[in-house]
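1. Using only what follows, build the 3D model:
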Amino acid sequence: MDPLLCPGEIIHLNVGGTRFSTSKQTLTWIPDSFFCSLLSGRISSLKDETGAIFIDRDPAAFVPILNFLRTKELDLRGVDINTLRHEAEYYGITPIVKRLDLCEDLERSSCGDVLFHGYLPAPVAIFPEHPYSMDPLEDPYDLSYSNTPVGPPCCGNHTGVPPRPVGVALETECRMRPSAPTDSPLSQYQSSAATPLSRSRYASAADGAEGGETAMFEVPLDPKKVRIIVGHHSWIAVAYAHFVCCYRVKESTGWQLVFNSEYLEQSVERVALNSKCPGGYSDNKDRMIAISSGSDIRLWSFQDEGPKNERGVFNLSVQVDDLFFIGSQLVAISHTGKIGVWHAMTHNWQIQDVEPISCYDTAGTFLLLGCNNGSIYYIDMQKFPLRMKDNDLLVTELYHDPNDDMITALSVYLTPKISVSGNWIEIAYGTSSGKVRVIVQHPETVGHGPQLFQTFTVHRSPVCKVMLSEKYLVSVCAEYNHVRTWNVTRFRGMISTQPGSTPLNSFKIISLEDADPHHSYGAGNRIGPFGEQDDEQVFVQKVVPETDKLFVRQSSTGKRVCVIKTVDGSPLSCFCVHECEGSSRMGSRPRRYLFTGHANGSIQMWDLTTALSKVDKDNKDTDGSRSFVGGPTEVELLKLLEQCDISASRCSTPSLSPSTSLVASRLRMSQPEDSQDESLQGAVGGADSTQDPNSKVFRVSLC
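-> Got it, this is the predicted structure:
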């Protein structure tokens, strides 16, 4: 008989190289634990040279567990609770796990903290319209709980579910051949060097054939996951894979569902909302919502208490990359160089070809476009109805970069109107070479065009975001979302050279995402900065794709404003910062909220106005002496990285996005294809031609 089975025997353990001795009774008084299975022979064991049972675990974490088994008392002094809980779960010591769970539950509430403002469950009423689902919350294409393997497209249907109708979107991982052109100039800077050849596509024979792309495998979209949230005044629009709905808030009744679409065959990729449509159908009472799928655009109008009406289906003939309203006009932009505009009064849909577009911004009724050729163009949307006969949007060149660099980021700031001098227009833009320039135009020099005011050469990677506000200039480049900020000096509201813009801070907004996200991911997970140009703006940092935590940071200094953690533990799928109108009471001001969409279809709301006011109060009370905390600390970052696997990337660590070796080649992708071949072969010649379709690859997000 094995001496380990004798009740009174001493058991010798070797835990991670450290020797422990105890009795069998001490180890086995908790039923169904790891030690009961080990000592009964249900689990095979290894023994070292002395005959002690070897357990390959952390010996430091085993000490408080063994002491608990001896004394039934838990001593947490000098112990990391998360590590202790993990080890207790491994050993099956349920009393320790339950006590630590209780400690965690006391600190966490399903009602959230002081910043939590509201919870909207998934609108179950829209899910029964799914043509292949009997259960409102169950999709036959949702394979997350299925062990059935999903084969490549050529292998047919192995899932045991009905064939997916044509046009229903799939999340597909693809491999681009070296000669494949890119969809848009902007996408050249939104791909990581870790995955330079991967992106998502959709289930279509044409998609697999165009652009030299080869589909590797298909994963259906989750119909319950929130894809995009956009806001306008006191309204928000929420997009799911095949539905879109609108909510309105009133002080007396709270948030109410007002609009929901029918089931949409194609997946929703972009959403635009206009809750106040001047010149609409019914005395400005109409609300407008539009969605895009591929090159198609659908537009609805609806009223608070009335029926919804589909106003039209339009086609841009190329992929719609951005969709938004300017006044009553619906604008669709493709980075290939097409603009589509629909006007509410004339119901006219108009398309015009321009230079390939890499960025845009709006200012009043003006649309400004940054293009690949180094020029900034503008369109005055007020003149749109006057130019329908000759089909001309009056695209006018405003400025051309002195170095002919591609315009990759754009921000317009209009100073408050002054009776004497009118508006002073200020434009900040970034380029593919990493330069940040500020140009200004005074009303007295309108005929001469904007003048170059200042140039910054602090970035070595392409600038992917720039924001000029009343007090700050903020730029973000493609190296791990590296942010540089400057104080802006103004005289009588206008930017001044005395002493000019002075450096303020430098930090990074690291954000990892799937290598092959759905086309809607970028629209629903932009990092910012968010906020009005005359107010404090913020970045929202989502470190890993599958997480329940967001870091809100000041855009000027990078200082942490707050950490948002979902109240129900559901993963975050998208977010949006929006200011809702204040109540009708005198003195009421708009409040800023963070809306988060979740994998379970719910919407959660967080009060950023309160968070920002608390930060300001703390700064005044401590005179700035409190220690600076920005994004996630090293401990927080490592904890978040445990939720994803970055080892499948082609580089040993998440690399520059894009890497230095690929920047030049991606710039040349905007040139004719015959001039790209040689440079592209050098950029991708060493890429691996195979990849495990089950592996998760993450890249730096440049939203």
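
2. All the helices of the chain, residue numbers only.
-> Residue ranges of the helices in the chain, as given by DSSP state H, are 24-28, 34-39, 59-71, 81-91, 94-107, 205-209, 521-524, 608-622, 634-641, 660-667, 677-684.

3. buried stuff in the second one?
-> Taking 16 or more other CB atoms under 10 Å as the neighbour-count basis, helix 34-39 is seen to contain the buried residues Phe34, Phe35, Cys36, Leu38, Leu39. For glycine as for every other residue, the C-beta is placed from the backbone atoms N, C-alpha and C.

4. returning to what we had before: return the most buried member of the helices of the chain.
-> The highest mean neighbour count among the helices of the chain, using mean count of other CB atoms under 10 Å, belongs to helix 521-524: a mean of 23.

5. average pLDDT across that one?
-> Per-residue confidence for helix 521-524 averages out to 86 on the pLDDT scale.

6. Return the closest of the buried residues of helix 34-39 with respect to Leu504.
-> Phe34 (54.2 Å; CB to CB).

7. if I look at that closest one, how far off is Gly51?
-> Using CB to CB, to the nearest Å, we find Phe34 at a distance of 20 Å from Gly51.

8. quick one, which of the helices of the chain is nearest to Leu323?
-> Ranking those by their distance to Leu323 (criterion: CB to CB) puts helix 521-524 first, at 8.6 Å.

9. Who are the packing partners of the closest one?
-> Counting by 3 or more CB pairs under 8 Å, 6 or more residues apart in numbering; DSSP states H and E, the packing neighbours recorded for helix 521-524 are strand 228-232, strand 572-580.

10. would you turn those into JSON lines with mean pLDDT?
-> Formatted as JSON lines, the helices and strands packed on helix 521-524 follow (pLDDT from 0 to 100):
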{"stretch": "strand 228-232", "mean pLDDT": "94"}
{"stretch": "strand 572-580", "mean pLDDT": "92"}
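
11. Please dump those strands into TSV; it should also carry mean neighbour count for every row.
-> As requested, those are exported to TSV (neighbours: other CB atoms under 10 Å):
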stretch	mean neighbour count
strand 228-232	22
strand 572-580	23
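
12. closest one to Val63 among those strands?
-> The minimum distance between Val63 and the helices and strands packed on helix 521-524 falls on strand 572-580, with 36.9 Å, by CB to CB.

13. Restricting to C-alpha, output the closest one in PDB.
-> The C-alpha trace of strand 572-580 is given here as PDB (Å, rounded to 0.1, in the frame of the first residue of the first chain):
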ATOM      1  CA  LEU A 572     -16.900  46.700 -24.500                       C
ATOM      2  CA  SER A 573     -17.500  46.700 -28.300                       C
ATOM      3  CA  CYS A 574     -17.600  50.500 -29.100                       C
ATOM      4  CA  PHE A 575     -17.900  53.900 -27.400                       C
ATOM      5  CA  CYS A 576     -18.800  57.500 -28.100                       C
ATOM      6  CA  VAL A 577     -18.400  60.800 -26.300                       C
ATOM      7  CA  HIS A 578     -21.300  63.200 -26.800                       C
ATOM      8  CA  GLU A 579     -22.800  66.300 -25.100                       C
ATOM      9  CA  CYS A 580     -26.500  66.100 -24.500                       C
END
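
14. before we move on, back to that, looking at the helices of the chain, which is closest to Ser234?
-> Proximity to Ser234, assessed across those by CB to CB, is greatest for helix 608-622 (14.8 Å).

15. Let me see the residues that make contact with the closest one.
-> 114-115, 536, 538, 552, 554, 559, 561-562, 577, 591-594, 626 (CB atoms under 8 Å, 6 or more residues apart in numbering).

16. redo that, cut-off 7 Å
-> Contact with helix 608-622 is made by 114-115, 536, 538, 552, 561-562, 577, 591-594, 626, as judged by CB atoms under 7 Å, 6 or more residues apart in numbering.

17. Mind giving me the PyMOL command for buried ones among those?
-> The following PyMOL command selects only the buried members of the contacts of helix 608-622, with burial defined by 16+ other CB under 10 Å:
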select buried, resi 115+536+538+552+561+562+577+591+592+593+594
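
18. Tabulate the contacts of helix 608-622 (JSON lines), appending distance to Asp322.
-> Supplementary listing: these in JSON lines, determined by distance: CB to CB, whole Å:
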{"residue": "Val114", "distance to Asp322": "36"}
{"residue": "Leu115", "distance to Asp322": "30"}
{"residue": "Glu536", "distance to Asp322": "26"}
{"residue": "Val538", "distance to Asp322": "22"}
{"residue": "Val552", "distance to Asp322": "24"}
{"residue": "Val561", "distance to Asp322": "27"}
{"residue": "Cys562", "distance to Asp322": "29"}
{"residue": "Val577", "distance to Asp322": "18"}
{"residue": "Arg591", "distance to Asp322": "27"}
{"residue": "Arg592", "distance to Asp322": "23"}
{"residue": "Tyr593", "distance to Asp322": "23"}
{"residue": "Leu594", "distance to Asp322": "22"}
{"residue": "Arg626", "distance to Asp322": "40"}
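
19. ok so, going back, out of the helices of the chain, which gets nearest to Asn600?
-> If you check each of those against Asn600 by CB to CB, helix 521-524 wins as the nearest, at 15.5 Å.

20. Export only the CA atoms of the closest one, formatted as PDB.
-> As requested, C-alpha coordinates have been extracted for helix 521-524 and formatted as PDB (Å, rounded to 0.1, in the frame of the first residue of the first chain):
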ATOM      1  CA  TYR A 521     -14.700  48.900 -35.900                       C
ATOM      2  CA  GLY A 522     -12.900  52.100 -36.700                       C
ATOM      3  CA  ALA A 523     -16.100  54.200 -36.600                       C
ATOM      4  CA  GLY A 524     -17.100  52.800 -33.200                       C
END
